[in-house]
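In: Sequence first, predicted model second:
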Amino acid sequence: MEPNSTSTWMFLLAAVSVFAAVSVSEPSDDTFKNCTFQTQLFERLSADLKEAAESGENLPSTWSSQQSARLLVSTRYLKDLLHKHQLKDCQLAEPKECPAARVPENGGLVCVTVNHTRYCKPLCNYGYDFGFLRRSRLFEECSNQTRFKWGTQYIGGNRLAVCNVALTQISGAHSAYFPKDRDCLTTKSQLQDSFIHSAVAELQSKGIEGDPHEACLVCG
C-alpha cells in the first residue's frame, strides 16, 4: 500500500470525526454555513471517500480494526447529517401551509410548485415497489383546494408512498422507478437537473400549465 493511500485513510478518520462531533447535537441551519473548513474540507473529504471506496479491500497494512470501527461510527453520524441537509431542498416551499411531504425510504420524491399548488411525485429504487397501485397517479398535490393537506392513498399525514422490497415493479408507471444502476442518490448527485426537467415536462403533459418553481429532488 503506497504512503499516499495511508494518508488518505488517516485524513478520512480525522475529517469525518470533525463532522461527527458537529452532528452529536441537532444540526442548525448554520451548521454548514459556519463550519470553518466548509468548502475545502468537504471537497477533500468527498474526493478521498471516493478514492477509498474505489480501493476496495486494499486497506493500509498499518490500519487497525479499531481505526476502522472509529471511522464507521463517525461516518454513521456524518451520513445522518448529510441526509438531513439534502432533505432541506424540498422544505419551506410554496404554499408554506402545506406540510413537507415525507420522503419514502428506498426511494425519493421530485417536487415542484405550479400556480400555488405543490406537486410531488414518489419514486422507488430498483428492487422496490409501491404498496398501492398508482400507475395513473404520478403526482400527489397539496393546495388551498385540498385545504393544504396532501391527497394521498394513506390516511392523513404527509406520507405519499411506501417502497417495499419486491422482485418485480408493477404498481407504478415506468417513470416512477429509478433504474437498476442509478438509485435516487446517484441520480441526485449526477443528473438532478435533467431528472427534474423530465418530471416537470411529465406534469405539463398532464395539462398542468404555469411557471414551475421551487423544484427539487430528495432521497429517503
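Out: Received the coordinates, thanks.
In: Spatially nearest residue to V110 (excluding sequence neighbours)?
Out: Distances taken as Cβ to Cβ, 6 or more residues apart in numbering place A199 nearest to V110, at 4.4 Å, with adjacent residues excluded. The C-beta positions use only the backbone N, C-alpha and C, and glycine is treated the same way.
In: Please report the distance of the one you found from C111.
Out: To C111, A199 is 9 Å away according to Cβ to Cβ, to the nearest Å.
In: So for the two, which residue has more residues nearby?
Out: Neighbours per residue, other Cβ atoms under 10 Å: of A199 and C111, the larger number sits with C111, 27 against 24.
In: got the contact list for that one?
Out: By Cβ atoms under 8 Å, 6 or more residues apart in numbering, C111 lies in contact with 90, 93, 101, 118-121, 214-218.
In: Would you mind checking these for buried ones?
Out: Taking 16 or more other Cβ atoms under 10 Å as the criterion, what is buried in these is 90, 93, 101, 118-121, 215-218.
In: hang on, the earlier thing: give me the common contacts of A199 and C111.
Out: Counting by Cβ under 8 Å, 6+ apart, the contacts common to A199 and C111 are 121, 215.
In: how about the strands of the chain, start to end?
Out: For the chain, the strands defined by DSSP state E occupy 107-114, 117-124, 128-130, 140-142, 163-165, 213-219.
In: Can you lay out those as a markdown table showing mean pLDDT?
Out: Shown next, in a markdown table, are those (pLDDT from 0 to 100):
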| stretch | mean pLDDT |
| --- | --- |
| strand 107-114 | 97 |
| strand 117-124 | 97 |
| strand 128-130 | 98 |
| strand 140-142 | 95 |
| strand 163-165 | 98 |
| strand 213-219 | 96 |
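In: Turn those into a markdown table, including distance to T39.
Out: A markdown table is the format used below for these (distance: least, Cβ to Cβ, whole Å):
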| stretch | distance to T39 |
| --- | --- |
| strand 107-114 | 26 |
| strand 117-124 | 31 |
| strand 128-130 | 35 |
| strand 140-142 | 35 |
| strand 163-165 | 34 |
| strand 213-219 | 22 |
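In: Count the residues that sit near D80.
Out: A count of nearby residues for D80, using other Cβ under 10 Å, gives 13.
In: whoops, I mixed them up, S171
Out: Counted with other Cβ under 10 Å, the neighbours of S171 add up to 19.
In: ditto for the one 3 residues further on
Out: Around H174 there are 7 other residues, counting by other Cβ under 10 Å.
In: ok, it - contacts?
Out: Counting by Cβ under 8 Å, 6+ apart, H174 makes contact with nothing.
In: rewinding a little: can you tell me which of the buried ones among the contacts of C111 is closest to L72?
Out: Closest approach to L72 among the buried ones among the contacts of C111 (Cβ to Cβ): V218, at 25.3 Å.
In: And that closest one, how far from D181?
Out: Applying Cβ to Cβ to V218 and D181 gives a distance of 21 Å.
In: what does R118 give?
Out: For R118 relative to D181 (Cβ to Cβ), the value is 31 Å.
In: same deal with R147?
Out: R147 sits 41 Å away from D181, going by Cβ to Cβ.
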